[in-house]
Each structure stands twice: as C-alpha cells, then as structure tokens.
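**Q** Kindly generate the corresponding structure for this input.
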Amino acid sequence: MKVLVADKFEASGLDGLQRVGCEVVYEPALKDQTLVKAIAETGADVLVVRSTKVDAAALEAGRLALVVRAGAGYNTIDVAAASARGIYVSNCPGRNAVAVAELAFGLILALDRRIVDNVADLRAGRWNKQEYGRARGLQGRTLGLLGFGRIAQEVARRAQAFGLNLVIWSRRFASAERVDAEAAGLDSGARATRVTFARTPAETAERSDILSVHVALTPETRRLVDQTVLSRLRPGAMFINTARAEVVDYAALEAAVRERGLLVGVDVFPDEPAASQGEFASPLAALPGVYGTHHIGASTEQAQEAVAAETVRIVESFQQTGRVPNVVNLAAHSPATHRLVVRHRDRPGVLAHVFDCLRAGNLNVQETENVVFEGAEAAVASINVDGAPGPELVEQIRGGNEHVIDVQVIRL
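**A** So this is what the prediction gives:
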C-alpha cells in the first residue's frame, strides 16, 4: 500500500508506516495543483494531511481510497466529494486533547495574572508592582464550558485542581439539571467540585466568570457564540477560544472587549495565513486585555507523537482488515429497508446468483456479510437491500441455484 504524506509529520509516524509494510512518499510542501499532480503521479492509496486542503480536484486525481487527517478537525477536507467517490475520511480525535487543554488553562492563568503584560514591561525596563500586584485569582470562581468532548473534559479535570466550579453546556446534557463530578466523567476525587449544567450557551455565559469554547465546527455550531451569548458575560469576565474561529462572531467579540472590558484568550483567528509564517493583522489581537497565540493548541511534541501513532494505527487497520477506525463519512442511517438472509452451501457462484437476481429485481445492495461455518461447508449471507424482495424474487433465489438452502426476508 502506498501512502502519500502531504504535510509535516513526525519521524516516528513515517517509520511506523514503513514498519507495517507501507511504501511512504513524504512531500510535506504539497498543496493545490502540486498536491493534485502528486496524487495522480504516485498512485497513492492513502493520503495523510494536517492543515493541507484536500479539495475535489485532489480527490479525483488518482486512486485514493483513504484520507487521514492527522488531527481532530477535518473541515479542510471536502468530505462530500470524498463520499461521492467512496473514499474513506478518518481523523485522530482526542489525541491532542491534553495539549489544547493545557494551552486553554495557560491563557486563563495568563489573563488572570496579566503575565504577558508583566513580561513586556520588564523587557522594556519598567518595574510596576503596583499595577500588576492586583489579580482576582481563580479559586471559587466558575468556569463555563461550551461543549464537553475530550478537550473540554481535560480542561475540567484541570479546573478541579484550581478549585473552580463548573457549568457545562452540551447537547447530550441539555436536559440535565445538575450532576456531580463523578457523573460528569471527572476524577472520583472531585466530589466537592460543583458541577451544574446549563440548557443554552447564553445561560452558560450568564453563570460564568470564565467561558471556554470546546465545540467542533459544524453547520449547527457556526457562530454559536454570538452577540447574544457574549452579552450575557459580566463585564471583566474571561473568554477563551482554542476551538475554531468560525464558532465565534469575532466582530461581536471585539465589540465586547471594547465596550465591557472582556479579557480574551484566543488561539484561532479568522483568515489565518495558510503558511506557518507570514504577515498577519487582527484588530482583536491588538486590543488591551486580549492575549492571542498562533493556532498552536495541538502543537506539543507529546500531542504530535500521539497523533502520528494513531495515524499509523488507522492505516495499518485499513491495510490488514479493510476497516477504517474513526471514519467520519459513513452514512449515519442506511437506506436499506429489508434484509435478505440466505443460508447456502459454501460453493462458487452462489452469491453471484443472488446478486444477479437482486439486480434483475432492481434492488440495490447496501451492506452485505457472509459468515462461513466451521468446516467451510455452509455459510449464511446477510444482504441489506433498499426495497422489499417480492415472493417471486425470493423463489427465484431459492430455486435458481442448487446450493441455496433457504431464504428469509426481514423488514428492517
């Protein structure tokens, strides 16, 4: 199996791919037309990317069967185009959760103690203990979490150590009134931590001293944090975004900083440079009380090694079994309406006969599985189809091949 790695990738990951028998082509600078050309010329079966955009032209250029996003988000990949060509898209969720949580907490601490401004004044030769000796502290304050996936859970675990209370909004907990730390999936030693659940993002903001965003970018979460949500934060509250820029209305956030003195820590910005270095201007990042970082949430050695190991696991599973861990573009619900269960002798041509009958009956096969019994004398095929096989078709399958033992139809 040939793997094209079109982004910077850990040496341990490259070695791991070779160790499981893959032919690896490492071209970390590929993008746009050079990526399309490389996919066509290499004949790669698998494409591994991080931030490189993979559009329909790239997906249609060669014989790709799998695209692995070596990270969590996959919004840089045209998933619809991949699905239309039967190309698996997989990612590495949770492998960078600790790294992002560490940065989120670093921003919280930095904002509370104004660490960046402290350092800047000292480097400029200014001593101002009177100004910087004032800080509220974190213990006893309330941290609101929008989303409660793996990253938010890591943030919550660290919040326990700082004595912060938690208020959480998540779709899966939207109807909950209150749960304790154990029910929230936190450490058993955190029973004293006050954990409550809010019904809406706006309610979460209203109850928070610090609001941190940890939702994936979906059509439902785009601009989830808008002027309505931000207006519910009290003046001087903190706002942290280490998720995606698109889930926040940055114009409304900038206005909230100017008008109500919000303290903001962000790792993601709209219209970030595509390259790792370049000119960048952000009105938000230039404001006092705003600490910005360079989209580095997942950029620790520990996180990148974990992502590389997960990428190798995905490719190895696909190579050896045809199954893809963490696949993101399979249908949530099969269009199949009926299951055809065919008991048959394990002989050549039986399944070909069944499929020929289904084709003649204008029934499309959605999923199929053939289980062989001990001794390889008999097997059972379970075939999900998108319509009801009529009695005549069933009889045609049953009587048209001497090795068919029985046929059963189950409505799904």
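**Q** Is the residue lying closest to Gly62 once chain neighbours are set aside in a helix, a strand, or coil?
**A** What sits nearest to Gly62 in space, not counting adjacent residues and going by CB to CB, 6 or more residues apart in numbering, is Ile39, at 4.2 Å. (Glycine included, C-beta is placed from N, CA and C.) Per DSSP: H, G, I helix; E, B strand; the rest coil, the local secondary structure of Ile39 is helix.
**Q** Ile39: neighbour count?
**A** By other CB atoms under 10 Å, the residues close to Ile39 number 23.
**Q** From Gly140, how far out is it?
**A** 55 Å (CB to CB, to the nearest Å).
**Q** coming back round to it: was I right about the residue nearest to Gly62 contacting Val67?
**A** No. If you go by CB atoms under 8 Å, Ile39 and Val67 don't touch, sitting 10.1 Å apart.
**Q** who touches both of those two?
**A** Residues touching both Ile39 and Val67 by CB atoms under 8 Å, 6 or more residues apart in numbering: Leu47.
**Q** For the closest residue to Arg114 other than its chain neighbours, what are phi and psi?
**A** Using CB to CB, 6+ apart and skipping the chain neighbours, the partner closest in space to Arg114 is Tyr132 (5.8 Å). When read as degrees, to the nearest 10, the backbone of Tyr132 gives phi -90, psi 0.
**Q** per-residue confidence for Tyr132?
**A** Looking at Tyr132, its pLDDT is 92.
**Q** quick one: contacts for it?
**A** Tyr132 makes contact with Arg113, Arg114, Asp117, Asn118, Asp121 under the criterion CB under 8 Å, 6+ apart.
**Q** Likewise for Ala251?
**A** Per CB under 8 Å, 6+ apart, neighbours of Ala251: none.
**Q** pLDDT score for it?
**A** 96.
**Q** Relative to Val350, how far out is Gly43?
**A** Gly43 is 34 Å from Val350, by CB to CB.
**Q** In terms of neighbours, single out the busier of these two.
**A** Val350 (21 against 12).
**Q** Now do the residue nearest to Arg114 against Ala308, distance only.
**A** Counting by CB to CB, the gap from Tyr132 to Ala308 is 40 Å.
**Q** And for Arg114?
**A** Taken as CB to CB, the span from Arg114 to Ala308 is 36 Å.
**Q** and what of Arg244?
**A** Taken as CB to CB, the span from Arg244 to Ala308 is 23 Å.
**Q** picking that back up, out of the contacts of Tyr132, name the ones that lie in helices.
**A** Within the contacts of Tyr132, residues falling in helices by DSSP state H are Arg113, Asp117, Asn118, Asp121.
**Q** who touches stretch 52-65?
**A** Contacts of stretch 52-65 (CB under 8 Å, 6+ apart): 6-7, 30-32, 35-37, 39-40, 42-47, 67, 76-78, 81-82, 85-88, 318.
**Q** a helix runs through Leu143, doesn't it?
**A** No. Per three-state DSSP, Leu143 lies outside any helix segment and is strand.
**Q** For it, list each beta-bridge partner.
**A** Judged by DSSP bridges, the bridge partners of Leu143 are Leu166, Ile210.
**Q** Identify each buried residue in stretch 212-221, please.
**A** Ser212, Val213, His214, Val215, Ala216, Leu217, Thr221 (16 or more other CB atoms under 10 Å).
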